[in-house]
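Undergrad: Build me a structure from this.
(one chain, ligands or ions: 1)
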Amino acid sequence: MKRKLEIMDTTLRDGEQTSGVSFSVSEKLTLAKLLVEELKVDRIEVASARVSDGELEAVKQIAKWASAENCIDKVEVLTFVDGGVSIEWMKKAGAKVQNLLTKGSLNHLTHQLKKTPEEHFSDIERTIALASKNNIDTNVYLEDWSNGMRNSKEYVFQYLDFLTQQPIKRVLLPDTLGILTHTETFDYITEIVARYPNTHFDFHGHNDYDLGVANVMEAVKAGCHGLHLTVNGMGERAGNAPMASVVAVIHDFLTDVKINVSESSLYKVSKLVSAFTGVGIPYNKPIVGDNVFTQTAGIHADGDSKNNLYFNDLLPERFGRKRKYALGKTSGKANIQKNLQELGLTLNDDELKKVTQRIIELGDKKERVTKEDLPYIISDILDSGNHQQKVFIKSYVLTHSMGLRPSTTVSLEINGELLEAHAQGDGQYDAFMNALRKLYVSKKIELPNLIDYVVRIPPGSNSDALCETIITWQNKSEEFITRGLDSDQTVSAIKATEKMLNII
Ligand SMILES: CC(C)C(=O)C(=O)O
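TA: Numbering: from 1, shown residues only. This next block holds a predicted model:
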């Protein structure tokens with residue numbers, strides 16, 4: 001039978017200790033509901049007592065909602081050994097579970113509180129009794145517990161001997177400074193769980209050495225009963241163990257425990273927290289980063305079509321996401337084919353080769369191409385293929401300087417003959433057209449009139465790779481359109497113009 005593991009989310013308390021982050025009252029309420037109702041965490045720590053009027057209002061609103069939903073016991077507040085001030089604050093807020101911050105290392109106790117263990121224990125005992133009297137349940141944090149285990153183990157066990165006799169619900173073991181290795185985490189928690197088999201222990205891991213997830217894994221293996229996590233790993237300094245990675249690790253590797261958290265809501269919650277905090281999610285953040293389900297190398301896309309050779313157990317669909325195939329220098333035909341399939345498009349070999357070539361060229365220019373850009377590239381390539389090219393724009397110089405009229409020098413090859421002209425205009429493109437007109441007048445050819453000029457970027461594309469210029473021309477009574485595609489707006493107009501020169 002699987003052992004139940006409680007997940008406590010502390011995004012709204014420790015997560016808010018991320019430098020520069022502050023949630024508004026309504027953001028806290030929205031996230032509290034989402035964490036409990038949709039992500040289905042067991043408990044949420046929503047604030048520190050006494051911090052501000054805003055925090056009091058946030059906890060009041062969360063407590064009101066949670067009471068109405070019969071889940072007030074899931075809402076926890078960090079409190080202090082302060083002679084009852086935090087308890088009064090809890091009463092005003094309507095919260096019913098306090099996470100009391102006490103000292104888990106002799107170092108903190110003697111240097112910060114300047115008390116003896118006995119004095120500290122009796123202050124704690126009074127605080128717990130006062131809470132009970134006011135119908136408030138108590139969990140107890142042993143701040144700096146990890147250092148305590150390393151440097152003052154005797155104190156930690158003296159304290160736990162006392163604490164486990166108190167009317168409390170849980171003991172919370174923080175690696176406050178994120179100093180533990182995974183082996184230490186395993187050894188310390190194994191020792192503690194063996195010594196106090198009837199006590200519920202949570203582990204609260206920080207990520208200073210990027211060992212947050214590894215330590216949490218070892219804490220679970222060692223028998224802890226609950227974990228403290230934050231969405232996107234937000235939190236003090238390097239943050240806390242991140243919710244999404246830990247949930248995936250538990251589901252895939254720690255199969256003797258069960259958790260309630262819903263994998264398919266992780267991405268949505270992660271995005272919302274990022275939007276509320278303004279803290280971006282790194283592209284490569286496991287599970288929730290933008291790029292983590294994107295195959296970039298063509299060989300991977302090819303392998304995906306052959307018995308899913310490049311899949312692992314982290315299937316994007318588990319997390320409400322989709323696999324993507326990047327378009328760029330290294331992506332190759334297989335990635336393009338995967339994107340074409342999604343768009344419902346097919347190309348022959350020659351067209352596919354040309355599209356691949358164009359994407360490689362854009363990649364060389366450091367441009368990022370997306371699936372939404374593809375129809376534009378294809379249309380540009382198919383369009384170019386329709387005309388026998390007899391005019392080539394060989395080179396041009398466009399100048400645009402403050403206080404001077406824009407000017408262009410352009411050199412053209414027409415049926416093998418090289419011609420050059422210089423002109424000024426009201427803008428760079430106007431100067432370019434004036435130079436072309438000069439060249440064509442010398443050949444007694446009248447160029448069509450430009451009657452409409454539209455610039456757009458492929459809709460839905462979130463890349464900055466491409467821009468399309470669509471020009472409508474009038475040649476005597478006939479109207480026609482040419483299009484140019486490039487990452488540079490003026491160049492896209494020049495490409496559309498070169499097409500016109502090859503049509504007339
Ligand atoms: C404030 C305390 C509980 C904390 O977050 C820690 O010790 O890591």
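Undergrad: So which residues of the stretch 251-400 of the chain form strands?
TA: 257-258, 294-295, 324-325, 391-399 (DSSP state E, counting those that start in this stretch).
Undergrad: just the angle between the helix or strand that the longest one is followed by and strand 391-399, please?
TA: Looking back up the chat, that one is strand 391-399. Per DSSP states H and E, the first helix or strand lying C-terminal to strand 391-399 is strand 407-414. Going by axes from the mean of the first three to the mean of the last three Cα atoms, to 10 degrees, strand 407-414 is angled at 170 degrees with respect to strand 391-399.
Undergrad: could you give me the average pLDDT of strand 407-414?
TA: Strand 407-414 carries an average pLDDT of 94.
Undergrad: in its sheet, what does it sit against?
TA: Strand pairing for strand 407-414, determined by DSSP bridges: strand 391-399 (antiparallel), strand 417-424 (antiparallel).
Undergrad: buried set for it?
TA: Within strand 407-414, the residues scored as buried using 16 or more other Cβ atoms under 10 Å are 407-412. C-betas here are computed from N, CA, C, even on glycine.
Undergrad: Same check on stretch 470-484?
TA: In stretch 470-484, counting by 16+ other Cβ under 10 Å, buried: 470-471, 473, 482-484.
Undergrad: closest to Val193 out of the strands paired with strand 407-414?
TA: strand 391-399 (73.2 Å; Cβ to Cβ).
Undergrad: Any buried residues in that closest one, and which?
TA: 391, 393, 396, 398.
Undergrad: same question, stretch 101-119
TA: 101-110, 117.
Undergrad: Return the member of those nearest to the ligand.
TA: Nearest to the ligand among the buried residues of stretch 101-119 is Leu101, at 5.5 Å by Cβ to the nearest ligand atom.
Undergrad: Other residues contacting the helix or strand hosting that closest one?
TA: Per DSSP H and E: Leu101 is located in strand 97-103. By Cβ atoms under 8 Å, 6 or more residues apart in numbering, the residues outside strand 97-103 that reach it are 43, 45, 49, 73-81, 86-87, 90, 109, 112-113, 120, 124, 127-128, 131, 136-144, 159, 169, 172.
Undergrad: taking those residues one by one, which sit in strands?
TA: Residues of the contacts of strand 97-103 located in strands (DSSP state E): 43, 45, 75-80, 137-143, 172.
Undergrad: for this structure, what helix or strand is lowest in average pLDDT?
TA: helix 298-304 (a mean of 75; mean pLDDT, DSSP states H and E).
Undergrad: which residues touch that helix?
TA: 295, 309-311, 323, 325, 330-335, 337-338.
Undergrad: quick revisit: farthest pair within the buried residues of strand 391-399?
TA: Val391 and Leu398 (18.7 Å).
Undergrad: Can you tell me which of the buried residues of strand 391-399 is nearest the ligand?
TA: For those, the nearest to the ligand is Leu398 (58.6 Å; Cβ to the nearest ligand atom).
Undergrad: Once you drop chain neighbours, what's closest to the closest one?
TA: In space, and not counting its chain neighbours, Leu398 is closest to Gln428: 4.4 Å by Cβ to Cβ, 6 or more residues apart in numbering.
Undergrad: so what's the one you found up against?
TA: Counted by Cβ under 8 Å, 6+ apart, Gln428 has contacts 398-400, 406, 408, 490.
Undergrad: Tell me the spacing between the residue located most distally from the centre of the chain and Ile393.
TA: Residue farthest from the centre of the chain, counting by Cα atoms, centre = their mean, is Lys444 at 60.1 Å. As defined by Cβ to Cβ, to the nearest Å, Lys444 lies at a distance of 20 Å from Ile393.
Undergrad: Contact residues of the stretch 351-500 of the chain facing the ligand?
TA: Residues of the stretch 351-500 of the chain found near the ligand (Cβ under 6 Å from any ligand atom): none.
Undergrad: Which residues are in contact with the residue nearest the centre of the chain?
TA: Centroid check for the chain by Cα atoms, centre = their mean gives Ile281 as the closest residue, at 2.6 Å. Neighbouring residues of Ile281 by Cβ under 8 Å, 6+ apart: 232, 270-271, 274, 288-290.
Undergrad: and if we set it to 10 Å?
TA: Listed by Cβ atoms under 10 Å, 6 or more residues apart in numbering, the contact partners of Ile281 are 231-233, 244, 267, 270-271, 273-274, 287-290, 292.
Undergrad: Flag every residue of the protein that's near the ligand.
TA: 14, 101, 141, 143, 174, 176, 204, 206.
Undergrad: go with 5 Å
TA: 14, 141, 143, 174, 176 (Cβ under 5 Å from any ligand atom).
Undergrad: Quick check: beta-bridge partners of the second one?
TA: Pointing back at Tyr141 there. Beta-bridge partners of Tyr141, as defined by DSSP bridges: Leu101, Leu172.
Undergrad: Now for it, how many residues are close by?
TA: Neighbour count of Tyr141, defined by other Cβ atoms under 10 Å: 23.
Undergrad: these two touch, right, it and Pro174?
TA: Yes - Tyr141 lies in contact with Pro174 (Cβ atoms under 10 Å); the separation is 6.0 Å.
Undergrad: shared neighbours, the two?
TA: 101, 104, 202, 204, 228.
Undergrad: Show me the helices in the stretch 251-400 of the chain, by range?
TA: 266-277, 298-304, 332-343, 349-364, 374-385 (DSSP state H, counting those that start in this stretch).
Undergrad: Outline the domain layout of this protein.
TA: 3-277, 294-383, 386-503 (automatic domain parsing).
Undergrad: Which of the ones you listed has the lowest mean pLDDT?
TA: Taking the mean pLDDT of those, domain 294-383 comes last: a mean of 84.
Undergrad: Now find how far off-centre that domain is within its chain.
TA: Mean-position distance between domain 294-383 and its chain equals 22 Å (Cα atoms, centre = their mean, to the nearest Å).
Undergrad: Helices of the stretch 401-504 of the chain, start to end?
TA: 428-442, 489-503.
Undergrad: no, scratch that, I was asking about the stretch 1-150 of the chain
TA: Taking DSSP H, counting those that start in this stretch, the helices of the stretch 1-150 of the chain run over residues 25-33, 53-68, 85-93, 106-108, 117-133, 145-151.
Undergrad: Could you tell me the angle between the first one and strand 75-80?
TA: Helix 25-33 and strand 75-80 are oriented at 120 degrees to each other (the same axes, to 10 degrees).
Undergrad: Counting by contacts, list what helix 25-33 packs against.
TA: For helix 25-33, the elements it packs on are strand 43-48, helix 53-68, helix 266-277, judged by 3 or more Cβ pairs under 10 Å, 6 or more residues apart in numbering; DSSP states H and E.
Undergrad: Turn those into JSON lines, including distance to Gly148 and mean neighbour count.
TA: As requested, the helices and strands packed on helix 25-33 are exported to JSON lines (distance: least, Cβ to Cβ, whole Å; neighbours: other Cβ atoms under 10 Å):
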{"stretch": "strand 43-48", "distance to Gly148": "21", "mean neighbour count": "25"}
{"stretch": "helix 53-68", "distance to Gly148": "29", "mean neighbour count": "18"}
{"stretch": "helix 266-277", "distance to Gly148": "31", "mean neighbour count": "19"}
